[in-house]
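# Quick one, structure for this:
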Amino acid sequence: MLFEPVKIGNLTVSNRIVMAAMNLGWAKDGEINQRIVDFYVERARGEAGLIVVGGVTVESPITHGNFISIHNDSLLAGHKMLTSAVKKAGACIGLQLFHAGRYSFGFLDGRDVVAPSPIPSKLTRYTPRELSLPEIKNIVCNFADAADRAQTAGYQLVEFIMSAGYLASQFLSPLTNQRSDEYGGSMENRMRFPLEVIAAIRKKVGPDFPIGVRLGGSDFIEGGNGWQEMSLVAKELEKASVNILNVTGGWHEAPIPQIQSEVPRGTYAYLAAKIKEQVHIPVVASNRINNPALAENILQNGQADLVTVARGFLADPEWASKARLGKPIRKCIACMTCLDTLFMGRGLQCAVNPQCGREDQKIIKSPQVKKFLVVGSGPAGLEAARIAALKGHQVTIWEKADRIGGQWNIALVPPGKQEFKSLLDFYEQELAYLGVEIVLNKTADPASVKSENYNVVLIATGAVPRSLPFLPRADANVISAWDVLNGSPVKGPNIVVVGGGSVGCETALFLAEKGTLDAESLKFMMLNRAEKPDTLFELLTRGSLHIKLVEMGDSLASDMGRSPRWGALRHMRTLGVEAITNVKVSSIAPGHVKIVTMNNEEHQLKADTVVLAIGSISNDRLHYELKNQMDEVYLLGDATGPAKLLNATQQSFDLVNGL
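So this is what the prediction gives:
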């Protein structure tokens, strides 16, 4: 079904794959530029059926986020350039109409932030000003005028966002709408604003132009709207002439993860299914759908009529065409780098696709074929090998272990990180297709490297875990976090993890889950009502080990991205990990660890095993030995200094593509 055409009103879409709207953070003063056009054209060539651009602001652009805007006619030239190029490349194109309401960061630029009621935003920590009745009417007109411009610019559909906690969601929720006039109180009144927007848009664009809604299937906030309330909203939207409902999950401030790697694939498809039961227009399922087989199952099971693939198209612009042809797809691993780079104001970047947002940087065949050796098969080495092979070179990888992946094999072990394995699966298939030779259990030294007459040597030998040799530790049971994640057993039940960075926190989570109830057992016990919910929750969150995490700084996981960090810290609290900050380890001995506070107070912690997670040291020895003996020797990845996946893949791409 995935590649069957579907009708949205009078618009026929070639397949059922929707590239959902995502803020890219690349616009300047709200204008479409060539970078944005190139990005969407690549996804259109990759056979996305419908591409939704956005969110696109209907008022003055949110400068802080570099949003695209369509708030006045002067911006239409860029939009026309985009729609023409995308349609020429084979996709249908829609535009998402956006107003952030209290989620706006406009206050950073001295501009007003408005909302239905002056309820502080947990996302921005700012209290908005309450909208007056004339202002509400003006915003309704702004949405309608923006839709009119979108139609003029050549878009084939407009989508009104009523999800994620933005303005329309704020009107719908009793938590953020505490008005006493006709826009607040009852559900009927709280629906008034979005229904007025739809009516005004319909009046502007005419009866035949498709209107969609990006609808939150549940706020996932206590006291907010659940799928029951949103099903009622969906019915009213259908009555109001909406042609398609794109159903997503909760608000940005929801305590329940929505798109992080810990969310199982396709979890929120049930929200689309609940909405679909109530309406007779096409319904789209969203969130964590990065696998063609899963997408097909959702359609086959009748849960939805279409599926969105959002970040999947960041990771691989050819997601749809590869799905159709059965080729290896570089899947989104839900690492959240894309959101984290947006939050940092750098514009969207993808950790697994170095060309995302840099589509102009093509991989050109080299006029001269060279022999490349890549030493090490972590992400940096694998990406370097891929680019070298695409440029036409003869590429060999030497890996000292019995499998590819390097330290990435450790990264995919902690809870919720199993999605990371798909990156290695992709490289394994892609490199085989490209003819790259992979030699496992092969240790490199200067003599063996030079004996093979390689023209170019790329050293991606990673890093090694740092130790604490200066500490008194007697015969204590001390082990590195890397060894724990690689499967080395720990003696329990009392475990002390030293180091509260990302590795320490994820190792603590990994250990804290040992002895907890697994998913299959939970399902069995719930179906048979074997235990009360409180008991089941305890069995899920209290394992066989007691974990203490000590950190010399005042915060945990400070090296982790903003998006995954809050989830990791929440998960640690849920699993009962005891975190102790602002302390130093003074000694390690059998059965205990001594720590010293900032006030020089000494405490003793029980410790059957001590796990060290205190960073890593670059393993650059081979590069040091070879750099003066060969002409082209380059250092990559963690061997240059501990780095994130984004840095590793981009560095490898840039270096090898420039050779």
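# in stretch 160-179, what counts as buried?
Using 16 or more other C-beta atoms under 10 Å as the test for burial, stretch 160-179 gives 160-173, 175-177, 179. Placement of C-beta: from N, CA and C, glycine included.
# Just the ones of the residues you listed in strands?
160-162 (DSSP state E).
# Return the closest of the residues you listed with respect to residue 361.
Using C-beta to C-beta, residue 161 comes nearest to residue 361 of these, at 31.5 Å.
# The residue nearest to the closest one when sequence neighbours are not counted: what's it in contact with?
Residue nearest to residue 161 in three dimensions, not counting chain neighbours: residue 214, with 4.5 Å by C-beta to C-beta, 6 or more residues apart in numbering. If you count contacts by C-beta atoms under 8 Å, 6 or more residues apart in numbering, residue 214 has them with 20-21, 96, 159-163, 246, 248.
# So which of these is the closest to residue 425?
When these are compared against residue 425 (criterion: C-beta to C-beta), the nearest one is residue 20, at 24.1 Å.
# mind checking the SS state of the closest residue to residue 619 other than its chain neighbours?
Closest residue to residue 619 apart from its sequence neighbours, by C-beta to C-beta, 6+ apart: residue 461 at 4.6 Å. Judged by DSSP: H, G, I helix; E, B strand; the rest coil, the three-state class of residue 461 is coil.
# go on, residue 415?
Judged by three-state DSSP, the three-state class of residue 415 is coil.
# do the one 5 residues further on as well
In three-state terms, and counting by three-state DSSP, residue 420 is helix.
# residues near the residue nearest to it when sequence neighbours are not counted, how many?
Leaving aside its sequence neighbours, residue 420 sits nearest to residue 412 (C-beta to C-beta, 6+ apart; 3.7 Å). By other C-beta atoms under 10 Å, the residues close to residue 412 number 18.
# And residue 367, by the same measure?
For residue 367, using other C-beta under 10 Å, the count is 7.
# does it sit in a helix or strand, and which one?
For residue 367, there is no enclosing helix or strand under DSSP states H and E.
# What values do phi and psi take at it?
Torsion angles at residue 367 (phi, psi; degrees, to the nearest 10) stand at phi -70, psi -20.
# I'd say the residue nearest to residue 619 and residue 377 touch.
No: taking contacts as C-beta atoms under 8 Å, residue 461 lies outside contact range of residue 377: 10.1 Å.
# So these two - more neighbours on which side?
The neighbour comparison of residue 461 against residue 377 (other C-beta under 10 Å) goes to residue 377, with 30 against 25.
# if I look at the more buried one, how far off is residue 7?
47 Å (C-beta to C-beta, to the nearest Å).
# Ok, residue 180 next?
As judged by C-beta to C-beta, residue 180 and residue 7 stand 43 Å apart.
# Between these two, tell me which one has more neighbours.
Between residue 180 and residue 7, counting by other C-beta under 10 Å, residue 7 is the more crowded of the two (13 against 9).
# wait, is that one part of a strand?
Yes: assessed by three-state DSSP, residue 7 belongs to a strand.
# Contact partners for it?
13, 282.
# in the sheet, who's paired with it?
residue 12 (DSSP bridges).
# returning to what we had before: the ones in strands among the buried residues of stretch 160-179 into TSV, with extra columns for pLDDT and distance to residue 610?
Rendered in TSV, the data for those read as follows (pLDDT from 0 to 100; distance: C-beta to C-beta, whole Å):
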residue	pLDDT	distance to residue 610
160	99	55
161	98	50
162	98	51
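# Make a markdown table from these and add distance to residue 125 to it.
As requested, those are exported to a markdown table (distance: C-beta to C-beta, whole Å):
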| residue | distance to residue 125 |
| --- | --- |
| 160 | 27 |
| 161 | 22 |
| 162 | 24 |
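# quick check, nearest of those residues to residue 35?
When these are ranked by distance to residue 35 (C-beta to C-beta), residue 161 comes first, at 23.1 Å.
# Touching, the closest one and residue 100? I think so.
No: counting by C-beta under 8 Å, residue 161 stays clear of residue 100, with 9.5 Å between them.
# Do a quick rundown of the strands in the stretch 401-550 of the chain.
Using DSSP state E, counting those that start in this stretch, the strands assigned to the stretch 401-550 of the chain run over residues 437-439, 456-459, 463-465, 478-480, 494-498, 546-551.
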